[in-house]
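Next comes the sequence, and after it the predicted model I'd like to discuss.
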Amino acid sequence: IVRQIEREANGDFAGFARGFFAQTAFTDSNRYAALLADFSPERVQADPAYSLMYGFYNYYFKHQPVYDSLDTKLQALQRTYMQAQREVFPERQFYPDANSTLRLTYGKAEGMKARDAVRYRYYTTLDGVVDKYIPGDYEFDLPQRLIDLHEARDYGRYAHHTGELRVAFIASNHTSGGNSGSPVLNGKGELVGLNFDRNWEGTMSDVNYDRRLCRNISVDIRYILFIIDKYAGAGHLIEEMKLVSTR
């Protein structure tokens, strides 16, 4: 389907998307009302959105049986693989099955060596966020108020003792899909961040966890509080919290 779209659009996916949203009845209330007013299955089936969805739908269910068959075999091989590991490494402690249970992982906030001559420190700052600023860019655009707060270094009590504002940090916690939003606690049980991602080099950790490469990424609680208080002006929410100073 994607190759067909590429051929028809001469590789211009952005142009295809613009035409797609401009023509379908499902992105405009007037066109949608007109479709319902003169409804017929043929008109719906001719709509580009329905046609694209139905194409993906048919493709998916055409190949689903093959996927299910391979997945069943893979799951059986996973049991064999796990049994082999337990025989070869009898001293090693293995994770229990954590499906439908509360998962807990522990680790240390630490940087890593990604590859030759490339090292990551364990934290990022608002300075780095602003360095990456690209106006109008989907990923790297920034609101003007955040830029103004950075230029004024107006971080309030959420700044690090060095004067910088920490944004995120990496640690050797073994996380997986579904861990986004998980609270990150320090050794005292205090909330220090929220987990939201893994590093690119460590995405294989679902299959094989390697402490040298695998890092989870968490947003620093101080940055969250800064956004709530200084950026959004919702200091009344901060008043409802019990904040612990590390200084």
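Alright, I've got the coordinates. Numbering: from 1, shown residues only.

Now the helix or strand where Q75 lies: average pLDDT?
Element membership for Q75, per DSSP states H and E: helix 48-88. The pLDDT scores in helix 48-88 average 93.

Can you give me the distance of D137 to E151?
With distances defined as C-beta to C-beta, to the nearest Å, the gap from D137 to E151 amounts to 19 Å. The way it works is simple: take the backbone N, C-alpha and C, and place the C-beta from them, glycine included.

Give the helix, strand or coil label for K230.
helix (DSSP: H, G, I helix; E, B strand; the rest coil).

mind listing what it touches?
Shown in contact with K230 (C-beta atoms under 8 Å, 6 or more residues apart in numbering): 149, 154-156, 158.

can you list the domains in this structure?
Domain ranges of the chain: 1-94, 112-238, per automatic domain parsing.

Out of the ones you listed, which gets the lowest mean score?
The weakest mean pLDDT among the domains of the chain belongs to domain 1-94, with a mean of 92.

Span of that one from start to end?
Distance between the boundary residues of domain 1-94 (C-alpha to C-alpha, to the nearest Å) amounts to 42 Å.

Tell me how far it lies from the chain's centre.
Distance of domain 1-94 from its chain centroid, counting by C-alpha atoms, centre = their mean, to the nearest Å, is 20 Å.

wait, what's in contact with F56?
With C-beta under 8 Å, 6+ apart, F56 has these contacts: I1.

Where do the strands of the protein begin and end?
Taking DSSP state E as the test, the strands found in the chain are 112-115, 118-120, 123-125, 166-171, 183-185, 191-198, 216-220.

a markdown table for those, including distance to R79 and mean neighbour count?
Listed next are these as a markdown table, based on distance: least, C-beta to C-beta, whole Å; neighbours: other C-beta atoms under 10 Å:
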| stretch | distance to R79 | mean neighbour count |
| --- | --- | --- |
| strand 112-115 | 32 | 14 |
| strand 118-120 | 36 | 11 |
| strand 123-125 | 40 | 19 |
| strand 166-171 | 31 | 22 |
| strand 183-185 | 32 | 16 |
| strand 191-198 | 25 | 18 |
| strand 216-220 | 27 | 22 |
